[in-house]
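S.K.: prediction below, plus the sequence it came from.
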Amino acid sequence: MSTQRYSVTPHPIDTLLTWVKSGEIAIPEIQRPFVWEATKVRNLLDSLYQGYPVGYLIAWRNPTVKLKDGTSSAGKRILIDGQQRVTALMAALLGREVLTKDYETVRIRIAFHPQEERFEVANPAIRKDVAWIEDVAEVFAPDASLTELTDTYTEKNPAADRKRVSRVLEKLRKIINNHVGVIELADDLDIETVTEIFIRVNSAGTELSQADFAMSKIAVNETYGGNLLRKAIDYFCHLAVAPEFLARIEKGDKAFAASDFLPAMRWLRDVNDDIYDPTYTDMLRVAFTSEFGRGKLQDLVALLSGRNFETKQFEEAIAEQSFGKLKKGVLAFINKTHFDRITMILRSAGFVTSDLIGGRNAVNFAYILYLRGRTEGMPAADLERLVRRWYAMSVLRGRYTGSPETAFDFDIRQVEARGLAAYAEAVIENELPASFWTGMLPQLMDTSSSNSPYFLCYQAAQVKLGDKGFLSRDITVLDLLMNRSDVHHVYPKKHLKGLGYSRSRYNQIANFVLAQSEINIAIGDKAPAKYFAELDAQVNGGKKKYGGITDKADLRANLRASCVPESIVGGAIPDYDDFLEERRKLMAIKIKTWFEAL
């Protein structure tokens, strides 16, 4: 027989608000910024006023922790679902300020019309209209008197029925006696079970990730500065995308501005680079894995709770130590030198735009290796080479695409056990043997996805090796990528469609080259036999139709750089499928040449 792992208890809203004020329920100001529109807050109050149900809240009590003096402390409740509703009630009824998704601190004022029994978001017109109480928080203030509220209102509105106004205001005041069901989860549940319950109960089904739990856990802990640490993670991610937010943080969050985090991230104000704009999940993964030598974020949640993996008990000393380590990891992540270096390493491998960065987890693990190498005191040039090669290998082999957490955990434990350089070199050799380049890679390149890791690596290879664009005399692939060029079909799309080829066939990556748009337009939908014959004429003193190449040797060199069979110039135009097969082999050789140069 299974035991019930939760209890459902109805609590008056008044009790919930008391818990919020006393800190019994942890809703950190920045746990997730308040994303509701003010109209949703109005609708919530209206539902309560009409006596409609407003859904359940889910709370998960922190495990009981053994304090340093040996006594036990029952944990706070963490609000897992219902945060936006409770924040809305705090804002509207207690007059608390909330932090918006734009990181602005605002007061949400909901007005009430006693004669029409109607709620509205306060606006300048409502503020001038005496028929409205412009802020319902006045009605719920601890020292508010129902008689005085009624008197004040009827003095301003002589035509209003005093008795009715008094009754309506009393009904409004009583909404805090309405009950809301709180589902309290057992403190010994693991995160997977809590997530499962959340998804089943929450009809919206927005999945809470391990990172969300970790962020909640960090934010509710003020003892060891978790609230500031949480802000550091959120603000860094926001500033990486919108550097102009720095002024708003400096002005609106004095406590954070005075911490040691803001000076460490001020450098972002001058950055407009989007190669690696991390999310809070990315930051947590890198900071945690590099510092703790573990890859699973559920372990972070357990450690921040003070879990001793040996004794299965929870100890305050472990929580304190874990917060210290995580802070160290976050400061290492946001360090300008470190962050500049990881983006420089990606660039130096040819990944010069964010479009060439496939899965973020490959970058995350490359950053983890970089930080570990720094800690080990590895020579800079050796470390950069190792990280470049590891990143390229992990992209080519899809190392972090399936179960990234499991792969992170395995790799970091091996690094701990065998040493960074020894382990990395062994894995690279094992994952990319000679047969990979000649046998496996050409087969893997039989795909029509322009976002395929193989095509991304091919483009990076062209950048790194300094190749010119297809049929370009002067413009490089780097120039084209920096100007967001399109890919061009060697065998034009319309031409192949006319021959009955399907989309997945004519859009094969082995049919793609990077070319200037004017060359692309000049070729149009001409059959390869026609435009290659015209190119042959062009390099034999004929009319310039496609780019500026006028020398036969230069044309052959250009085709070699774009992995197009040179024999095509002499009129030996292969069948399309034969062309694809031949070109995949040539592209695989180029990627191998590139990898060896990293």
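M.R.: All right, it came through fine.

S.K.: how about the contacts made by Y49?
M.R.: For Y49, the contact set (Cβ atoms under 8 Å, 6 or more residues apart in numbering) comprises E117, F119, K171, L172, I175. All C-beta spots, glycine's among them, are computed from the backbone N, C-alpha and C.

S.K.: and E120, that's in a strand?
M.R.: Yes - under DSSP: H, G, I helix; E, B strand; the rest coil, E120 sits within a strand.

S.K.: just use 35 as the starting number from now, easier for me
M.R.: Sure thing, new numbering starts at 35, so read that last one as E154.

S.K.: how about the closest residue in space to it that isn't next to it in sequence, secondary structure?
M.R.: Nearest non-adjacent residue to E154, counting by Cβ to Cβ, 6 or more residues apart in numbering: A145, 5.1 Å away. Here A145 is recorded as strand under three-state DSSP.

S.K.: surely A145 meets D169?
M.R.: Yes - with contacts counted by Cβ atoms under 8 Å, A145 reaches D169, the gap being 6.8 Å.

S.K.: I252 and A165, how far apart?
M.R.: 46 Å (Cβ to Cβ, to the nearest Å).

S.K.: these two: who's more crowded?
M.R.: Each of I252 and A165 has its neighbours counted (other Cβ atoms under 10 Å); I252 has more, 29 against 15.

S.K.: and for A145 and D169, which residues touch both?
M.R.: Common neighbours of A145 and D169 (Cβ under 8 Å, 6+ apart) are A156.

S.K.: the strands in the stretch 385-534 of the chain, which residues?
M.R.: In the stretch 385-534 of the chain, the strands defined using DSSP state E, counting those that start in this stretch lie at 521-523.

S.K.: could I get the contacting residues of the residue nearest to the spatial centre of the chain?
M.R.: What sits nearest the mean C-alpha location of the chain, by Cα atoms, centre = their mean, is T313, with 3.2 Å. T313 makes contacts with C271, R394, as judged by Cβ under 8 Å, 6+ apart.

S.K.: for it, give me phi and psi.
M.R.: phi -90, psi 170 (degrees, to the nearest 10).

S.K.: ok, the closest residue to V573 other than its chain neighbours to V598 distance?
M.R.: Spatial nearest neighbour of V573, chain neighbours left out: K586 (4.5 Å); criterion: Cβ to Cβ, 6+ apart. Between K586 and V598 the computed distance is 15 Å (Cβ to Cβ).

S.K.: which of those two has more neighbours?
M.R.: V598 (23 against 14).

S.K.: would you confirm that that one contacts L548?
M.R.: No - between V598 and L548 there is no contact under Cβ under 8 Å: 12.0 Å.

S.K.: residues shared between the contacts of these two?
M.R.: F504.

S.K.: which stretches of the stretch 485-632 of the chain form helices?
M.R.: Counting by DSSP state H, counting those that start in this stretch, one finds helices in the stretch 485-632 of the chain at the ranges 487-498, 511-516, 527-532, 537-540, 551-557, 562-572, 586-595, 610-631.

S.K.: now do the last one: which elements does it pack against?
M.R.: Based on contacts counted as 3 or more Cβ pairs under 8 Å, 6 or more residues apart in numbering; DSSP states H and E, the elements that helix 610-631 packs against are helix 414-430, helix 475-478, helix 487-498.

S.K.: most tightly packed of the ones you listed?
M.R.: helix 487-498 (a mean of 24; mean count of other Cβ atoms under 10 Å).
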